[in-house]
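J.: what follows is a protein structure lacking sequence information:
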């Protein structure tokens, strides 16, 4: 029994970590690469959840497919938000503090819009595989967690390849390091940043689909994830895509192990304790460059 | 940029105009004002909104019959956003500025408790809506609470659940509760009941309300091999627990207890067959033993009003009680022919009220004199069907014996 | 001249508070006023670090809650007078501020912000699991029905909060106008350059975090006595942190009176909105006002006035 408990705790932690990676990925790009503290990112994820809910309820679309279909729209929204942000803050060079307040405000506006349109009730999605699990030896893996895990892995992998193999991807990496050099090479940093921001927000659509697949969603549920997302990003080394994935897995695993063996109520403390120690000892994170 | 500026200015201007436009009252005569704060947004917003709909139905019903004491009834309310810090100011405004004649409470312990000292100092009768043992510290003899959890709410709440366990001769229990006010009180009561019955508590932990996946928790519980599993959980947790329990095939003889959310239409519909055999608390379900005069009529009105408002569509859980606590107040005013708080309190103490939730009698501490918290069992639920929950038999009442509507299907899972 | 003007202002405000307490019959004013003043102290406190040095504290609610829970713990232990509770809560939060500073101020910018956020969450978990102060189920405080010298308990609370606010404003003003204030501003503008010029940046930052912690603890300590029922959810409310940032942003972060103006304005609007339009629009307004201000009036209301004054002087630039 004990071995089974341990193995299952590991499996659950890895699955949960994968989901956390999907949630943190977009902000990892936006915050890590572009230095934009988009605290409204979780609100975008919840927005994704609600739109997926609408597609799932209205047309019976599978949540993951609905999430993928929403990604281009979210990309466009992201580009637009970045344009506003650029015009109001970045161009005038006072992005840090004012930009933060801007996204705080944006978070509230998004939340309230969903409260007004959908009410404050909990929303859930339906899919055939939700509620079933597969057994591998001693370990049971629920589809409800496995599908988000796989989707998250695919998305993370795709973005990693995009960032490391394409010109645009490398340009995004470059814009965070040396803006001037990029300009000399004939690339417009603003255009590149707006694409990166768009990608970051686009991931929120799929992350939202995964969020509502795992559990019920209400308009302000995103707030619960703000701390965790930042913990993962810092632990992962600010913008490193593999780093984000590894950090998410570490947080997921530690939460699962602590939940199983010490007590669930200490799980968040451990994750953030991790973060505080990281900041004190190795502020550049696991995979970071400083 | 210019357009953006103008847009923001326009919105700001609009907001100011809306903020200052006085609320127009169409009532004739000098209305009786009933004041309250209500959790219309925030954590309990969904419930608070459905309660408000019920209270408005009551107001319309009363006004159609000519009002109270021949005066129309008017509700004066503000949104407390489920934020305790807002409550003291709201009740002071209601009593000092709006000069309301009567006050009732918001929904939930968090937002009832901060109102208590203010209401107490004004000497007003205070009717509470789903506060758990709020009065145990204040000991205010004009406080009356409508949730039928009985004189010792925390423990009476889960008494029925443990009575079933006793009848079936179960021995060991696992207890898991969310880290927040209601769930912790529910769990405290469950623990006391378990100790009283001499059960062996094999697992007793709490979890953060933000827990995303319950699989590890359920596995840890399963590893202790309990006969009984008692959960004290909030809606999002309850959904997560039921889903994970079905996925991993949770084995125990009696499962459920204090799971909030499994009474809500949207959640019941989504969980469907996953609910089967679960034993959980409830306050009203369609059953022949609970067909009180007026309840069906009320639900019909509620369901018509609730459509499209993003609130619970069935309205079985909170709305009848929101209607009932207004009925108690209304009937007292009519019977004593006064708005005098002393007379009202005396009358409420000694009277058994007939309401849509049945006969209501308050005990000394303002809670129900005897508990009527139901333990129900989900039976034969099919997937994706809301209407089945309007039928008798999908939720069978097991406890208390006075309103029992069927026998338990036992055990939960072999 | 200017100094005496400020102190005359302080005395006048205090006198006005006492007069109000003496004549006003409308208790609602004191409840609403208390909440506004609580926001004011939080805003001033946040600005001591955030506005003067540019280090953003996301965890204001954490300091506030620790102040509140220090008071609760001491109140459970022995029913000490409220003033003693406030002083001890201030000391505790000051020490925590200092500790956080030591631990995290070597981190620049956003790292510090995230560390404060994480700190708030860790403390919330600790309080949630600490049964002595009620744990997650919360704790009740019974307040006296009558207090000496005042008509009601809330009047006393209001005056107390007023005095505390004025002290905090005075301290914040002293910090910004003294030699130290120039040091802090140099950190905000260019920390590396400041360091090269021989500004003791770490020491200044530590003083800032400590002062911030003390003020937030002082704002939090009376809170349990105001609401009479407190649980971790309400004490660690995100809205407290948001207001602490939004108020200085709206008022203007560069000068000591910016957060005061922002707090009075936003706090009052919030109180009015609560009792007029009872709906989601309340939050929407905070969001829209915040976005509008940071986008259109980057230096807050103070900045708007400065621009206006400059134009009138005929500068045109």
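T.: Cool, the structure landed. None of the values given here were measured: they were computed from a predicted structure. Residues are numbered from 1 along each chain as shown, chains lettered A, B, ... in the order given.
J.: which parts of the helix or strand where residue A:8 lies are buried?
T.: Counting by DSSP states H and E, the element that carries residue A:8 is helix A:2-27. Applying a neighbour-count criterion of 16 or more other C-beta atoms under 10 Å in any protein chain shown, the buried positions in helix A:2-27 are A:5-27. Just so you know, the C-beta spots here come from the backbone N, C-alpha and C atoms, and that holds for glycine as well.
J.: so which residues on the stretch 51-200 of chain C come close to chain B?
T.: Proximity of the stretch 51-200 of chain C to chain B, by C-beta under 8 Å from any C-beta of the partner chain, involves residues C:125, C:128-129, C:135-138, C:140, C:142-143, C:145, C:152, C:154.
J.: mark which of those are buried, thanks.
T.: Neighbour counting by 16+ other C-beta under 10 Å classes C:125, C:128-129, C:135-138, C:140, C:143, C:152, C:154 among these as buried.
J.: adding pLDDT and secondary structure, write those out as TSV.
T.: Converted to TSV, these look like this (pLDDT from 0 to 100; DSSP: H, G, I helix; E, B strand; the rest coil):
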residue	pLDDT	secondary structure
C:125	80	helix
C:128	83	helix
C:129	80	coil
C:135	78	helix
C:136	77	helix
C:137	77	helix
C:138	81	coil
C:140	85	strand
C:143	79	coil
C:152	80	coil
C:154	85	helix
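J.: could you pick out which of these are near chain A?
T.: Within these, those near chain A by C-beta under 8 Å from any C-beta are C:125, C:128-129.
J.: now those residues as CSV including distance to residue C:207?
T.: Listed next are these as CSV, based on distance: C-beta to C-beta, whole Å:
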residue, distance to residue C:207
C:125, 29
C:128, 32
C:129, 33
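J.: now, among the residues you listed, which is nearest to residue B:67?
T.: Comparing those against residue B:67 with C-beta to C-beta picks out residue C:128 as the nearest, at 47.1 Å.
J.: what's the closest one in contact with, if anything?
T.: When contacts are counted by C-beta atoms under 8 Å, 6 or more residues apart in numbering or on different chains, residue C:128 touches A:265, B:179, B:208, C:135-136, C:232.
J.: one more pass at 7 Å, please.
T.: A:265, B:179, C:135-136, C:232 (C-beta atoms under 7 Å, 6 or more residues apart in numbering or on different chains).
J.: would CSV of the residues you listed with distance to residue C:298 be doable?
T.: Output for the contacts of residue C:128, formatted as CSV (distance: C-beta to C-beta, whole Å):
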residue, distance to residue C:298
A:265, 43
B:179, 41
C:135, 44
C:136, 41
C:232, 36
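J.: for the ones next to chain A among the buried ones among the residues of the stretch 51-200 of chain C next to chain B, which one is nearest chain B?
T.: Here the nearest of these to chain B, counting by C-beta to the nearest C-beta, is residue C:128; it sits at 5.0 Å.
J.: strands along the chain, start to end?
T.: Reading this off chain A. A:133-136, A:139-142 (DSSP state E).
J.: the intended chain is chain B.
T.: Along chain B, the stretches classed as strands by DSSP E are B:32-38, B:73-79, B:102-107, B:126-129, B:143-145, B:172-178, B:200-207, B:228-233, B:254-259, B:279-282, B:352-355, B:358-361, B:374-378, B:395-399.
J.: out of those strands, which one sits most buried?
T.: Neighbour counts averaged per stretch over those are highest for strand B:228-233, at a mean of 30; criterion: mean count of other C-beta atoms under 10 Å in any protein chain shown.
J.: what lies in contact with it?
T.: Everything outside strand B:228-233 that qualifies as a contact, by C-beta under 7 Å, 6+ apart, is B:158, B:161, B:165, B:170, B:173-178, B:183, B:186-187, B:190, B:221, B:241, B:252-260.
J.: okay, now the sheet partners of it, with direction.
T.: Each strand that pairs with strand B:228-233, with its direction, by DSSP bridges: strand B:172-178 (parallel), strand B:254-259 (parallel).
J.: in a markdown table: these, plus mean pLDDT.
T.: Supplementary listing: the strands paired with strand B:228-233 in a markdown table, determined by pLDDT from 0 to 100:
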| stretch | mean pLDDT |
| --- | --- |
| strand B:172-178 | 94 |
| strand B:254-259 | 93 |
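J.: sorry, back to before: out of the buried residues of helix A:2-27, who's near chain B?
T.: Checking the buried residues of helix A:2-27 against chain B by C-beta under 7 Å from any C-beta of the partner chain, the ones in range are A:5, A:8-9, A:12, A:16.
J.: pLDDT weak spots in the chain?
T.: Using chain A here. Within chain A, the stretches with pLDDT under 70 are A:1, A:93-97, A:119-120, A:179, A:285-290.
J.: please go with chain C instead
T.: Across chain C, the ranges flagged by pLDDT under 70 are C:1-3, C:105-110, C:277-283, C:314-317.
J.: the residue of the stretch 51-200 of chain B at minimum distance from chain A: what's it in contact with?
T.: Minimum separation of the stretch 51-200 of chain B from chain A (C-beta to the nearest C-beta) falls at residue B:179, amounting to 5.2 Å. Contacts of residue B:179 were listed using C-beta under 7 Å, 6+ apart, and they are A:265, B:206-209, C:128, C:136.
J.: what's the closest of those residues to residue B:143?
T.: Each of the contacts of residue B:179 was scored against residue B:143 by C-beta to C-beta, and residue C:136 proved nearest at 23.8 Å.
J.: and the closest residue to the closest one other than its chain neighbours, how far from residue C:235?
T.: Leaving aside its sequence neighbours, residue C:136 sits nearest to residue B:179 (C-beta to C-beta, 6 or more residues apart in numbering or on different chains; 4.0 Å). Plainly put, residue B:179 is 14 Å away from residue C:235 if you go by C-beta to C-beta, to the nearest Å.
J.: residue C:67 too?
T.: Applying C-beta to C-beta to residue C:67 and residue C:235 gives a distance of 9 Å.
J.: let me have the strands of chain B in a markdown table, extended by distance to residue A:196.
T.: Formatted as a markdown table, these follow (distance: least, C-beta to C-beta, whole Å):
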| stretch | distance to residue A:196 |
| --- | --- |
| strand B:32-38 | 44 |
| strand B:73-79 | 39 |
| strand B:102-107 | 45 |
| strand B:126-129 | 50 |
| strand B:143-145 | 55 |
| strand B:172-178 | 39 |
| strand B:200-207 | 37 |
| strand B:228-233 | 40 |
| strand B:254-259 | 43 |
| strand B:279-282 | 48 |
| strand B:352-355 | 60 |
| strand B:358-361 | 61 |
| strand B:374-378 | 49 |
| strand B:395-399 | 52 |
